[in-house]
Structures are given as structure tokens and as C-alpha cells.
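> output the structure for:
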Amino acid sequence: MALYGLAVCGGKSLRMGTDKSQLRYFGIPQADRVISLLSPLCDAVFISCNRTQSSIFENKKTLADLPEYEEIGPMAALLSAFKTYPNADFLIAGCDYPFLTANALSDFLSAIQKGTIAAAFYNSEEKYEPLLAWYAQDAAPLLLERFERGHHSLQHFLGEINAEKYIPVSEKVMLSVDSPEAYDQVKAALNVHHEN
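Have a look, this model is predicted:
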């Protein structure tokens, strides 16, 4: 079974005011960092983006949201991926998790039980992280059925199918940066960390 990685960069970044996939915490755009985290674990890695972003990622393998799924949020990335590559499972990571590590993703993959349809990181607020998750190809028809009923929430989907919950060693890897203030705070924290 092929395992493909999806670096999800297709959000509108409204609160941030600039494309989150291009923010730099470690000297490279976050999109490139997420690719580097996924690559050792996957047979191939793609950047999931909306059509207007495609030009930013000229030299990368991209999977733009298909027209029929545009404007429905993160579910568009997954539906487009499954329609394009129906025989693959997908490990997906959003571009807004600066503390995500290769070890956290590797440990997550190792923990997934056989026969599971989907698994996701799970936070202390008892919510799934739908963009830090693994979706088996068996999830595709279930997602499509929900889409056709107008249900576009991956959070609700994961809850409805009782997806496997993965609690990482550090909650920090699930910290999502969505605003300029949070970006500045994380950059400051990382600088302090590097000096010690």
C-alpha cells in the first residue's frame, strides 16, 4: 500500500495576513520544512494548495484542490488527494505547526492499529487535529458521502467514525500558529531555545 504525504498549505491565512506556508522559523519556508518531515516516512510527498497558490510552488509536486471541492476548507485537500491517487493512504501535516518533529510523526505512524480507517493527533481540549493525521484509502468513500450531504468538517468526520486518537509525548507539537502575534512569540521562543 502506497503511503503519500500531504503538506497542507491551502488555507486562506486570513488571521495571519500572509501565506502561512511561506513563514520561516528555521530559515526555510514552512511548506519546505513540512515536506522534509514527511519525506522519510512516505513514498511521495505533495504540497496541497489552492489553485491561486500553485505558482508559489513552481518546482514542487503539488496537488491543487480540484474545482468541485474548492472553498470547503481542509476536506478539499483530502478529497482531491484521494480522487487523484485512489490507491494510496495519506499522512497529512498542516504548515502551521512549527514545533512538529519527524520523531512525532514517526511515533504516530508506528502507533496506528491495523484495520484503522483514520487516526489523528488528539489534544488536551479533547479535539482531533485533522491536519496532523493519517487517512486510509478506505476513508475516501466515507468522506465523499459526507461531502455530498454538505458536511465538510474533518473534525466531525473523525468524531463520527471514532478515529484513533494519538496523544503525543509533547502537546507542543500540536501548537498551531494562526496570527502575527503567535508567529512573533514562537520565533522568539525558538531563538531562545537555539541560544541555550
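> mind listing the strands for the chain?
Secondary structure of the chain (DSSP state E): strands located at 2-8, 44-49, 62-64, 88-94, 118-122, 128-135, 164-166.
> show me the one of these that comes nearest residue 152.
Smallest distance to residue 152 across those (CB to CB): 11.2 Å, for strand 128-135. Every residue, glycine included, has its C-beta placed from N, CA and C.
> what about the helices in this structure?
For the chain, applying DSSP state H gives helices covering 30-38, 75-84, 102-111, 139-148, 154-160, 180-195.
> these: which one's closest to residue 50?
Closest of these to residue 50 is helix 75-84, at 7.9 Å (criterion: CB to CB).
> elements contacting the closest one?
strand 2-8, strand 44-49, strand 62-64, strand 88-94, helix 139-148, helix 154-160 (3 or more CB pairs under 8 Å, 6 or more residues apart in numbering; DSSP states H and E).
> could you check the angle helix 139-148 makes with the fourth one?
What it means is strand 88-94. Here the directions of strand 88-94 and helix 139-148 differ by 60 degrees (axes from the mean of the first three to the mean of the last three CA atoms, to 10 degrees).
> mind listing what strand 88-94 pairs with, with the direction of each?
Strand pairing for strand 88-94, determined by DSSP bridges: strand 2-8 (parallel), strand 128-135 (antiparallel).
> those strands into JSON lines, with extra columns for distance to residue 100, mean neighbour count and mean pLDDT?
Below are the strands paired with strand 88-94 laid out as JSON lines (distance: least, CB to CB, whole Å; neighbours: other CB atoms under 10 Å; pLDDT from 0 to 100):
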{"stretch": "strand 2-8", "distance to residue 100": "11", "mean neighbour count": "23", "mean pLDDT": "96"}
{"stretch": "strand 128-135", "distance to residue 100": "7", "mean neighbour count": "25", "mean pLDDT": "97"}
